[in-house]
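Trainee: Take this sequence and fold it.
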Amino acid sequence: MNQEKPDWIKIKLSDSDERKRVGETLRRNSLRTVCEDALCPNLYECFGRKTAAFLILGKNCTRHCTFCNIKKGAPQPVDHGEPANIAEAVAELGLAHAVITSVTRDDLPDFGAAHFADVITALRRQNDRLIIEVLIPDFKGCVESLRIVTASRPHIINHNIETVPRLYPEIRPEASYTRSLDLINQIQLSDKRIYSKSGIMLGLGERESEVVETMKDIRKAGSRILTIGQYLSPSSAHHPVAEYVHPDVFEDYREIGMAMGFEYVASAPLVRSSYYAGAIFDAIKGIET
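Mentor: Numbering: from 1, shown residues only. You can find the predicted model right below:
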C-alpha cells in the first residue's frame, strides 16, 4: 500500500503562459512528451521554463515495467514526419537544450535507433548550436543499434538503470541489469566525446547497501552523470511506494556519488532524468573549461 506523501514530496501546481505555449506547440506539431505521459511531478515547472522531453516512436511501449505510466500495447507505425516536427517545435520554443526519449520498440529491427538518429540530424540541421540529449532504451543489447545513435553525435546519451538488480524481476521484468550496464559501457567505447548519463529511483524497496553498489556499477560502466530521484507510483495498478526517502539521504548519496568520480550527481526527491538537464550540462562544461 502506498504511504501518505510527506511534505517534501508535495508540489504546488501553478499555471503560466509559458506552460500553455509549450502545450500548444506540442499539439500543433502532433508531438508527445514523456513529461505528460509519465505523469512527471515537474511538468508545470519545466513547461513554465520552456523545456520538455520529447517522446518519439509512438505512445505504446512493448514492455511491461511496473513503475512506468507509459501505455503498453500494440506499437504504432513510425511517424517519419516526427523529426521535422520536433525540430520545428524546438525552434519555435527557442530551446538551447533538447531532450529526446522514446517508448521501447522491441518490434522494430533496429529497435528504433535509426529514428533517434533522424531526429538528432533534423535538430542539428535546424540549429548546430543546440545541445542534444537522448534517453534511450536498451536496444536489447544490440551494439549496432547503439552505434547508429552514437554516429549521429548527440552530446549526451542517457540510459537509466532505474533500480537495484534484486528488484529487476518485479520492476523491469523484460530488462536486464547487466545488459543495461553493458550499454552504458558501449557508449564510451563508441565515442568518448559523448557524455554518458544514467539514473536510479529510490523508494521501491531497495536497501542502502544495494544503492551504493548499483552506483558503483554505473560509475564503473563509464557513466559520467547520475540522477537519483524518489519513485512515485502513478496509480494503484503500479508498483507501490515502499518508502519516501528523506532529502538528507538523497544528499548523502550525492556526496557518495561525487566521491566515486561522477562529474555530476543530481540527487533529490523530485529529480528526474531530464530535470534541469541543460543546467547540469552547462555546469559540467563550466568545470571543464
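
Trainee: mind listing the helices for the stretch 1-150 of the chain?
Mentor: 17-28, 34-37, 43-48, 82-93, 113-126, 143-151 (DSSP state H, counting those that start in this stretch).

Trainee: Report the buried residues of the fifth one.
Mentor: Think helix 113-126. Buried residues in helix 113-126, defined by neighbour count with 16 or more other CB atoms under 10 Å: 113-120, 122-124, 126. In this view, the C-beta of every residue, glycine as well, is placed from N, C-alpha and C.

Trainee: Output the contacting helices and strands for the helix or strand containing F250.
Mentor: Using DSSP states H and E, F250 maps to helix 247-260. Packed against helix 247-260 by the contact rule (3 or more CB pairs under 8 Å, 6 or more residues apart in numbering; DSSP states H and E) you find strand 195-202, helix 208-221, strand 225-230, strand 264-267.

Trainee: One more pass at 6 Å, please.
Mentor: With contacts defined as 3 or more CB pairs under 6 Å, 6 or more residues apart in numbering; DSSP states H and E, helix 247-260 has these neighbours: strand 264-267.

Trainee: measure F250 to V99 for me?
Mentor: Per CB to CB, to the nearest Å, F250 is found 22 Å from V99.

Trainee: which of those two has more neighbours?
Mentor: Each of F250 and V99 has its neighbours counted (other CB atoms under 10 Å); V99 has more, 26 against 21.

Trainee: bridging residues for that one?
Mentor: A53, E133 (DSSP bridges).

Trainee: residue contacts, it?
Mentor: Applying CB atoms under 6 Å, 6 or more residues apart in numbering, we find V99 in contact with 53, 133, 274, 277.

Trainee: What's the separation between it and V164?
Mentor: Taken as CB to CB, the span from V99 to V164 is 25 Å.

Trainee: now A221
Mentor: Counting by CB to CB - A221 and V164 are separated by 15 Å.

Trainee: So which of the two has more stuff around it?
Mentor: More neighbours surround V164 than the other of A221 and V164, with 24 against 21 (other CB under 10 Å).

Trainee: Which pLDDT value goes with that one?
Mentor: Per-residue confidence (pLDDT) for V164: 98.

Trainee: so it touches V212, yeah?
Mentor: No: in this structure V164 lies outside contact range of V212 using CB atoms under 6 Å: 9.8 Å.

Trainee: if we can go back for a sec, now tabulate the contacts of V99 in a markdown table and tack on distance to E88.
Mentor: Converted to a markdown table, these look like this (distance: CB to CB, whole Å):
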| residue | distance to E88 |
| --- | --- |
| A53 | 17 |
| E133 | 19 |
| S274 | 20 |
| A277 | 21 |
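
Trainee: got a winner among those for most neighbours?
Mentor: S274 (28 neighbours).

Trainee: Please tell me I have it right and it contacts A53.
Mentor: Yes: look at S274 against A53 with CB under 6 Å: they come within range, at 4.2 Å.

Trainee: Please give the number of neighbouring residues around the nearest residue to R254 once chain neighbours are set aside.
Mentor: Leaving aside its sequence neighbours, R254 sits nearest to S267 (CB to CB, 6 or more residues apart in numbering; 3.8 Å). The number of residues packed near S267 is 25, by other CB under 10 Å.

Trainee: Sketch out the low-pLDDT regions of the stretch 1-150 of the chain for me.
Mentor: Along the stretch 1-150 of the chain, the model assigns pLDDT under 70 to residues 1-3, 11-23, 26, 29-52.

Trainee: do you know how far the residue lying closest to V78 once chain neighbours are set aside is from A84?
Mentor: Using CB to CB, 6+ apart and skipping the chain neighbours, the partner closest in space to V78 is H115 (5.8 Å). Distance of H115 to A84, computed by CB to CB: 12 Å.

Trainee: okay, and the common contacts of the two?
Mentor: Counting by CB under 6 Å, 6+ apart, nothing touches both H115 and A84.

Trainee: show me what contacts the residue nearest to R254?
Mentor: 228, 250, 253-254.

Trainee: Which pLDDT value goes with it?
Mentor: Residue-level pLDDT assigned to S267 equals 97.

Trainee: Who does it form a beta bridge with?
Mentor: I228.

Trainee: May I have the beta-bridge partners of the closest residue to I70 other than its chain neighbours?
Mentor: Closest residue to I70 apart from its sequence neighbours, by CB to CB, 6+ apart: C61 at 4.8 Å. Counting by DSSP bridges, C61 forms beta bridges with K72.
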